[in-house]
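Peer 1: next comes the sequence, and after it the predicted model I'd like to discuss.
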Amino acid sequence: MTIATTPITRDRARGLLLGLALGDALGAPFEGRDSVDPADLVAEELAPSGLVHTDDTALALVLAEHLAEHRETTVLEEDLLAREFADAWRAEPWRGYGSGTPKVFGLINAGVPWRDATRAFYQGQGSFGNGAAMRVAPIALAGTSLHHAAELARRSAAVTHAHKHGQHGTACQAAAAYLALHSDPTHPLPVPAFLHDLARVVRSGPWHEKLDRIAELVRRRPEPQHAATALGNDASALGSVPTALLAFLLNPDRANDAIRYAIRVGGDTDTIAAMAGALAGARTGAAALPAAWLRRLAAARRLRALADRLS
Ligand code: AR6
Ligand code: MG
């Protein structure tokens, strides 16, 4: 049994993509800070300037377009997907990419197969960064079951992240997005069942430890700084996917508060908030996202159109 029982609506598909982009764009100015002063966050929320997304949303857009294009056939073509990601980086290298994945993209652009390119770094192990998890949420719109979403997620991760923890984190985020998207919004989110479902598709000791810790933290409702200490706030998958999940599970019906909490955790703020925003937006739908934020979001029209193609 899984808690995923409700069909996807267009509004919730839009919420997933728009929530991801809002978290990314609002979180980006705070990236790398140890902690975020709530007053600084309020100032950013009220600023009149446009909200510009970073690499997290740029690569989620690539993945969403790939899924829309291959919906009726294979769903995922890894060789093509790898080239599409690498092309997106080449077209907009200024989007805020970290240090690792651009090296993989450089090799792919030079003609190296992704299976070799992804193992060319970190002593052949490949990256355990959060770069595949941050972009994966659209997979939840294509998955036909919880396990299918997790399997597609692992395949989408492998083209840039060879390390098993990069892939577990991506499966965890996609499965969480699937559960959020299909959860019954007329009832409180059943947190223990949600975490139990995730543990079934992410079969790894260190991930089960994190999921157990999240269950306890949801009960204790810690301040964001304490979540950073308990779960992490760095650019590794294991140090950020669980933190984003906590931000969502503490605020499952208030996407703006899930995003705020994720940003106030500090560290890799754009990515943690992008992941939390995707989960919360998938549960609440786009209509519940702050209109003032959406008006400022540069990519909003493109994201809505893609969500409509995927729902
Ligand atoms: N061994 C040691 N350190 C590692 C390993 C490893 N096998 N893998 C990753 N790291 P990265 P990403 C550390 O750079 O996943 C953007 O800002 C390493 O310290 O491979 O694409 C996005 O917005 C490295 O610096 O790339 C995301 O925030 C870090 O993990 C982030 O970058 C990230 O891994 C995505 O990063
Ligand atoms: Mg980041």
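Peer 2: Received, thanks. Just so it is clear, the model here is predicted, and its values are computed rather than measured. Numbering: from 1, shown residues only. Ligands and ions are numbered 1, 2, ... in the order given.
Peer 1: residues in contact with the closest residue to ligand 2 within the chain?
Peer 2: Here the residue of the chain nearest ligand 2 is residue 271; by C-beta to the ion that distance is 3.4 Å. (Each C-beta comes from the backbone N, C-alpha and C, glycine too.) Contacts for residue 271 (C-beta atoms under 8 Å, 6 or more residues apart in numbering) come out as 24, 27, 56, 130, 134, 235, 240, 244.
Peer 1: ok, and of those residues, which contact ligand 1?
Peer 2: 56, 130, 134, 235 (C-beta under 6 Å from any ligand atom).
Peer 1: just the pLDDT for the residue of the chain closest to ligand 2.
Peer 2: Model confidence at residue 271, given as pLDDT, is 98.
Peer 1: and it, what element?
Peer 2: Using DSSP states H and E, the element containing residue 271 is helix 269-284.
Peer 1: ok, residue 133 next?
Peer 2: Here residue 133 is covered by no helix or strand, with elements defined by DSSP H and E.
Peer 1: just checking, it touches residue 176?
Peer 2: No - using C-beta atoms under 8 Å, residue 133 is not in contact with residue 176; the gap is 9.8 Å.
Peer 1: comparing these two, which shows the higher neighbour count?
Peer 2: residue 176 (34 against 29; other C-beta atoms under 10 Å).
Peer 1: chain center to the helix holding residue 271, what's the gap?
Peer 2: 6 Å (C-alpha atoms, centre = their mean, to the nearest Å).
Peer 1: pull the CA atoms of that helix into PDB?
Peer 2: Provided in PDB are the C-alpha atoms of helix 269-284 (Å, rounded to 0.1, in the frame of the first residue of the first chain):
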ATOM      1  CA  THR A 269      19.800  27.400   0.000                       C
ATOM      2  CA  ASP A 270      18.700  27.500  -3.700                       C
ATOM      3  CA  THR A 271      18.800  23.800  -4.100                       C
ATOM      4  CA  ILE A 272      17.300  22.900  -0.700                       C
ATOM      5  CA  ALA A 273      14.500  25.400  -1.300                       C
ATOM      6  CA  ALA A 274      14.000  24.200  -4.900                       C
ATOM      7  CA  MET A 275      13.500  20.600  -3.700                       C
ATOM      8  CA  ALA A 276      11.200  21.700  -0.800                       C
ATOM      9  CA  GLY A 277       9.200  24.000  -3.100                       C
ATOM     10  CA  ALA A 278       8.600  21.300  -5.700                       C
ATOM     11  CA  LEU A 279       7.200  18.900  -3.000                       C
ATOM     12  CA  ALA A 280       5.000  21.600  -1.400                       C
ATOM     13  CA  GLY A 281       3.800  23.000  -4.700                       C
ATOM     14  CA  ALA A 282       2.900  19.500  -5.800                       C
ATOM     15  CA  ARG A 283       0.700  19.000  -2.800                       C
ATOM     16  CA  THR A 284      -1.000  22.500  -2.600                       C
END
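Peer 1: ok, then the element right after it?
Peer 2: helix 291-296.
Peer 1: tell me the helices and strands packed up against the helix or strand following that next one.
Peer 2: Per DSSP H and E, the first helix or strand lying C-terminal to helix 291-296 is helix 300-309. With contacts taken as 3 or more C-beta pairs under 8 Å, 6 or more residues apart in numbering; DSSP states H and E, helix 300-309 sits against helix 10-27, helix 55-69.
Peer 1: mind checking how far the last one is from the chain centre?
Peer 2: Its chain's average C-alpha position is 12 Å from that of helix 55-69, according to C-alpha atoms, centre = their mean.
Peer 1: correct me, but residue 250 touches residue 221?
Peer 2: Yes - counting by C-beta under 8 Å, residue 221 is a contact partner of residue 250 at 6.3 Å.
Peer 1: more neighbours: which of these two?
Peer 2: residue 250 (21 against 10).
Peer 1: buried residues in stretch 146-162?
Peer 2: 146, 148-162 (16 or more other C-beta atoms under 10 Å).
Peer 1: up against ligand 2, what does this structure have?
Peer 2: 268, 270, 271 (C-beta under 5 Å from the ion).
Peer 1: can you do 6 Å?
Peer 2: For the chain, the contact set with ligand 2 under C-beta under 6 Å from the ion comprises 31, 268, 270, 271.
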